[in-house]
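In: Could you work out the structure for the sequence below:
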Amino acid sequence: MRAKKVKPDLSPSSEVKSDIADIDAHRGRGRGAGLNMAGRYERESIEAFDDGWGTLETLPPFKTHLQEERARTIITRNESPDISFDRSINPYRGCEHGCVYCFARPSHAYIGLSPGLDFETRLTVKPNAAELLERELSRPGYTPRTIAIGTNTDPYQPVEREQKLMRDILSVLDKCNHPVGIVTKSALVLRDADILASMAERGLARVAISITTLDRKLARTMEPRAATPQKRLDAVRGLSEAGIPTSVMVAPVIPALTDSEMERILEAASQNGAAGAGYILLRLPIEVSPLFRDWLLRHRPDSYRHVMNLIRSMRGGKDYDAEWGKRMRGEGPYAKQLANRFALACKRLGLNRTRKPLATDAFIRPTAGGVQLQLF
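Out: The predicted structure is shown next:
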């Protein structure tokens, strides 16, 4: 077995074949992606091929590697018209949860790494996140609005147990009376329930737990290092009992694979105390499409054509349509049916009856973080 250099092929129309995956079961055990192809900015990639000698080099399993980044800023701004926030914090690059469908995977291509296995094994941590946050909140021109955390990579992924970046970040926001909204797949969020409950009493915090499926076996292959579906429901209950406004995100909804579970997920969330809910249709931007298609061929080969045909029927015949207003929900009869089902289930279960905006009028500008104090 040797390697040859080839140009990366990320064409959405190209059919992925399961036998091109150069990551064997031993090396990729416990990971979501089966490929580690080069990103779209790379001129060449390395691909294994059989040289006829019958030899196969055995490589060790992929391990998680952390690299520190001394970031200069921590609050990311956006102007997207179809999302409810204009600023967010990402304390990590990459995510060890390994969700094969994660729309954030292409971001690894910007730093010269693969959106495949590199995304879930080569992580970047920002140890000065809380310090930077306090400094940015100290600026005279800063206007408080809800900061979203978990919109790109999960802030409570496994490495957070040791890093504790989120607890430091929440401590800064708590001290400043600054509103925060969190999205996560991890039950680790319960560790910070004390801070979140205190903030919630002042109308400053809410949490959304993402649940893709209630099928433990399916979740194990599709999102291998995320909390089990039951653990996520336990987190919904624990947060709700602590007085923290909690909702569930049925996300992503995968046609012909998880969409039949929408009502059951909403019912389970409601029974565990969720007050609100939302959903997002599966998104397959750029490198995510070949990764997801390869996963389908390995784990659900009989469903491959049906799943992809339904996705393309909601994306104008393509694997993905990034147009604002369409990327989260899709379009067409099947997409409309999903929207109607979701709305009817929420109405029946009493979800989304009230949703108060988080408070911003109690914000206390910090005086630390390297900002010069006024003389008078």
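
In: now residue 63: how far from residue 117?
Out: As defined by Cβ to Cβ, to the nearest Å, residue 63 lies at a distance of 11 Å from residue 117. The C-beta positions use only the backbone N, C-alpha and C, and glycine is treated the same way.

In: Please say which of the two ends up with more neighbours.
Out: Between residue 63 and residue 117, counted using other Cβ atoms under 10 Å, residue 117 has the larger neighbour count: 22 against 7.

In: isn't that one right next to residue 38, touching?
Out: No: using Cβ atoms under 8 Å, residue 117 makes no contact with residue 38, being 12.0 Å away.

In: Would you mind measuring from the closest residue to residue 89 other than its chain neighbours to residue 227?
Out: In space, not counting the residues next to it along the chain, residue 89 is nearest to residue 149; the distance is 5.0 Å by Cβ to Cβ, 6 or more residues apart in numbering. Here the distance between residue 149 and residue 227 works out to 17 Å (Cβ to Cβ).

In: again with residue 221
Out: Distance, residue 221 to residue 227, using Cβ to Cβ: 15 Å.

In: ok, back up a step: report pLDDT for the residue nearest to residue 89.
Out: pLDDT for residue 149: 98.

In: List the residues that contact it.
Out: Applying Cβ atoms under 8 Å, 6 or more residues apart in numbering, we find residue 149 in contact with 88, 89, 90, 91, 155, 166, 169, 180, 181, 182, 183.

In: With residue 311 instead?
Out: For residue 311, the residues meeting the contact criterion (Cβ under 8 Å, 6+ apart) are 255, 282, 284, 319.

In: Secondary structure class of residue 123, three-state.
Out: Classification of residue 123 into helix, strand or coil gives strand, according to DSSP: H, G, I helix; E, B strand; the rest coil.

In: What is the neighbour count of it?
Out: Using other Cβ under 10 Å, residue 123 is surrounded by 22 other residues.

In: Surely it is in contact with residue 64?
Out: Yes: taking contacts as Cβ under 8 Å, residue 123 lies within contact range of residue 64: 6.5 Å.

In: residue contacts, the residue nearest the centre of the chain?
Out: Nearest to the geometric centre of the chain sits residue 153, at 4.6 Å (Cα atoms, centre = their mean). Applying Cβ under 8 Å, 6+ apart to residue 153 gives the contacts 90, 92, 93, 94, 95, 102, 104.

In: again, only using 6 Å
Out: Contacts for residue 153 (Cβ atoms under 6 Å, 6 or more residues apart in numbering) come out as 90, 92, 95, 104.

In: how far away is the last one from residue 286?
Out: Spelled out, it's residue 104. The gap separating residue 104 from residue 286 is 11 Å, by Cβ to Cβ.

In: what's the answer for the first one, then?
Out: With distances defined as Cβ to Cβ, the gap from residue 90 to residue 286 amounts to 19 Å.

In: Could you check which of the two is surrounded by more residues?
Out: Of the pair residue 90 and residue 286, residue 90 is the one with more neighbours under other Cβ under 10 Å, namely 23 against 19.

In: ok, now which ones touch that one?
Out: With contact taken as Cβ under 6 Å, 6+ apart, residue 90 is in contact with 152, 153.

In: Try it again at 10 Å.
Out: In this structure, residue 90 makes contact with 71, 74-76, 104, 107, 124, 126, 129, 148-155, judged by Cβ atoms under 10 Å, 6 or more residues apart in numbering.

In: Quick check: it vs residue 43, distance?
Out: Distance, residue 90 to residue 43, by Cβ to Cβ: 28 Å.

In: what touches both of residue 104 and residue 286?
Out: Shared between the contact lists of residue 104 and residue 286 (criterion: Cβ under 10 Å, 6+ apart) are residues residue 115.

In: re the thing from before, which member of the contacts of residue 311 is positioned nearest residue 306?
Out: Each of those was scored against residue 306 by Cβ to Cβ, and residue 255 proved nearest at 8.2 Å.

In: Give me the neighbour count for the closest one.
Out: Other residues lying near residue 255 total 24 when counted by other Cβ under 10 Å.

In: for residue 191, same thing?
Out: 16.

In: With adjacent residues omitted, what lies nearest to it?
Out: Leaving aside its chain neighbours, residue 191 sits nearest to residue 167 (7.3 Å; criterion: Cβ to Cβ, 6+ apart).

In: That neighbour touches residue 193, doesn't it?
Out: No: taking contacts as Cβ atoms under 10 Å, residue 167 lies outside contact range of residue 193: 11.1 Å.
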